[in-house]
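S.K.: With the input below, show me the fold.
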Amino acid sequence: MYVVNFDSSMKENYLHTAIDVVYVDLFEYTYNLVRQIPDGKISTYGAVARALGDIRASRAVGRMMNQNPNADDMPCFKIVYSDGKLGGFGLGIDDKIRRLKQDDISVKDGSIVDFEDVLFDDFKTDYPLKKLRSEQVELSKKVEIIDGFDEIETVAGFDVAYPKNDFDDCCGACVVMNYKTKKIIEEKTIFTKTFFPYIPTYLSFRELPFLKKLVESLESKPTILMIDGNGVLHPYGIGIASHAGISFNIPSIGVAKSMLCGKLENNIVKIDNKKMGYTLFSSKRVRKPVYVSPGHKISFETSLDVVKHLSFYKNPEPLRQAHILATGSI
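M.R.: Purely as a prediction, here's the structure:
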């Protein structure tokens, strides 16, 4: 089991799963980092991302600042660009400048005056993203790229739809299809808030709680999970489909709309010259491919065959129907 250790002053508000992991409330963790900035100081999106443990989180930090529900309690106005320019502010730039000036931070021509002198980056942190990355690396060693079943009876497609504001309820949807008849035999939806922003390569920590609840709600265990995201086609070999397959002990396939990483050679996606997935155009009408990779307990070839078998449009039917169900419910 992996646990994020919070500072004693930090709110212990996280999601528990019965399988393998404890998910940190990265919103509150980030807001507590910003609360550490002393009076008369500012910091940057990149500095906060590094304090979280990965510079990839910089854009997510910006989104979290923009969605901050209380600018008086959490001073998001203190976060600016790394070149000293102000960046955005949910209440407007004029209000950001007003708040900065009240904190004795001078602004001229849209930039912080004496930027280096007022910059703070000495955060007290245990780098939660680094710990989550370590978990991914360990989990990647458990991935099995072999068929872990005799016959395919059902395929469950999963998707999550998000409102504009991450603090509103999101909708997770699952559609189970009979593999032979391609008929829908079960549909499930759940509504809950997310406690983790979108950060490239960390999607499983955002969406796995949705998938867990949906899997547990199904009347029968599906033969294969089909997930909107990557399997082994991931910089660390452990995209959300692989993570879910290991966690739930169910064969899984990742089907992504864009290529997260790797190099394309014909219809094969390679990382370090090793096959990690495929591109698939389901028909001549489709202009952009999907990217198919095995998640866990399924081979490369079977992954591609299953997605082909269930594809009429760009996205395979279990995912397309799950997407329709999720977005139609928001």
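S.K.: Show the contacting residues for S329.
M.R.: If you count contacts by CB atoms under 8 Å, 6 or more residues apart in numbering, S329 has them with 161, 171, 173, 189, 191. For glycine as for every other residue, the C-beta is placed from the backbone atoms N, C-alpha and C.
S.K.: could you redo these as TSV and give each row secondary structure and distance to E219?
M.R.: Listed next are those as TSV, based on DSSP: H, G, I helix; E, B strand; the rest coil; distance: CB to CB, whole Å:
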residue	secondary structure	distance to E219
A161	strand	23
C171	strand	20
A173	strand	16
T189	strand	15
F191	strand	20
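S.K.: Closest one to G92 out of the residues you listed, please.
M.R.: A161 (29.1 Å; CB to CB).
S.K.: What's the separation between that closest one and G90?
M.R.: 23 Å (CB to CB, to the nearest Å).
S.K.: Neighbour count for these two, which is higher?
M.R.: A count of neighbours by other CB atoms under 10 Å puts A161 above the other of A161 and G90, at 18 against 14.
S.K.: Tell me if I'm right that the more buried one and I330 touch.
M.R.: Yes. With contact defined as CB atoms under 8 Å, A161 reaches I330; the gap is 5.0 Å.
S.K.: Give me the common contacts of those two.
M.R.: With CB under 8 Å, 6+ apart, A161 and I330 have common neighbours 170-171.
S.K.: Please tell me the pLDDT value assigned to the residue nearest to T30 when sequence neighbours are not counted.
M.R.: Excluding the flanking residues, the one nearest T30 by CB to CB, 6 or more residues apart in numbering is M64, at 5.3 Å. pLDDT for M64: 94.
S.K.: and the end-to-end length of stretch 95-113?
M.R.: Counting by CA to CA, to the nearest Å, you get 17 Å between the two ends of stretch 95-113.
S.K.: which residues touch V286?
M.R.: Neighbour list for V286: 313-314 [criterion: CB under 8 Å, 6+ apart].
S.K.: and with 7 Å instead?
M.R.: Residues in contact with V286 (CB atoms under 7 Å, 6 or more residues apart in numbering) are K314.
S.K.: ditto for T302
M.R.: D147.
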